[in-house]
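Visitor: Need a 3D model of the following:
(one chain, ligands or ions: 1)
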Amino acid sequence: MKGIYPGSFDPIHNGHLDLIHRASKLFDHLTVAVYSEPEKNILFTAEERVKLIENSINSSIKNVDIVVFSGLAVEFAKNLQAEFILRGLRAGFDFELEFEMALMWKKLQPEIDVVCLMSSLEYQFVYSSRIKEVSRLGGNVTDLVPSNVIDALKVKFD
Ligand code: ADP
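Guide: Residues are numbered from 1 along each chain as shown. Okay, here's the model as predicted:
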């Protein structure tokens, strides 16, 4: 079974990493798909986001790769012959968004299914957007992102 995990990952944080590590046990192969041009304000280039993910995934995990994609996630999944799209659910409004998107993806590519994993308790409130805002204002996000991301945020905001 093959899955893709699409997202902006701007930047990767511990909530994303927790999901990747858990999903690597669920799928034979997982591709972390970095969306090249999200509509939201982006801090890191696609290449920087890929590097940050590469350097933060536990090296003992061998069945995960990272690629940049553009266009529809379902088309990208189909081209990779992946059967599943992985998404994460934090408490609250993620469900409505993910549910609506999963139905649209199902309409576009009925053979691809969406698998959602619940966020672990300690990462329920972790959002890339909040991490960027707190870092920009000089706050400490040490427990929320891997150390290479801390360094990269310092370079952007110092
Ligand atoms: P964010 O919402 O943090 O800006 P992305 O757009 O990169 O992140 O999200 C990609 C996927 O990861 C989405 O399915 C999102 O719900 C999920 N995700 C984001 N943060 C978490 C978290 N803390 N725990 C579990 N899943 C998460």
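Visitor: Please state the offset of the lengthiest helix in the chain from the chain centre?
Guide: Assignment by DSSP state H gives helix 94-108 as the longest helix of the chain. Helix 94-108 sits 16 Å away from the centroid of its parent chain (CA atoms, centre = their mean, to the nearest Å).
Visitor: What helices and strands are in contact with it?
Guide: On a contact count with 3 or more CB pairs under 8 Å, 6 or more residues apart in numbering; DSSP states H and E, helix 94-108 meets helix 73-79, strand 84-89, strand 113-118. Any C-beta I mention is one placed from the backbone N, CA and C, and that applies to glycine too.
Visitor: Turn these into CSV, columns for mean neighbour count, mean pLDDT and distance to the ligand.
Guide: CSV is the format used below for the helices and strands packed on helix 94-108 (neighbours: other CB atoms under 10 Å; pLDDT from 0 to 100; distance: least, CB to the nearest ligand atom, whole Å):
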stretch, mean neighbour count, mean pLDDT, distance to the ligand
helix 73-79, 19, 97, 10
strand 84-89, 21, 98, 2
strand 113-118, 16, 97, 7
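Visitor: looking at the ones you listed, which is closest to Leu144?
Guide: Nearest to Leu144, of all the helices and strands packed on helix 94-108, is strand 84-89, at 14.6 Å by CB to CB.
Visitor: what's that closest one packed up against?
Guide: Under the contact criterion of 3+ CB pairs under 8 Å, 6+ apart, strand 84-89 touches strand 2-7, helix 14-23, helix 73-79, helix 94-108, strand 113-118.
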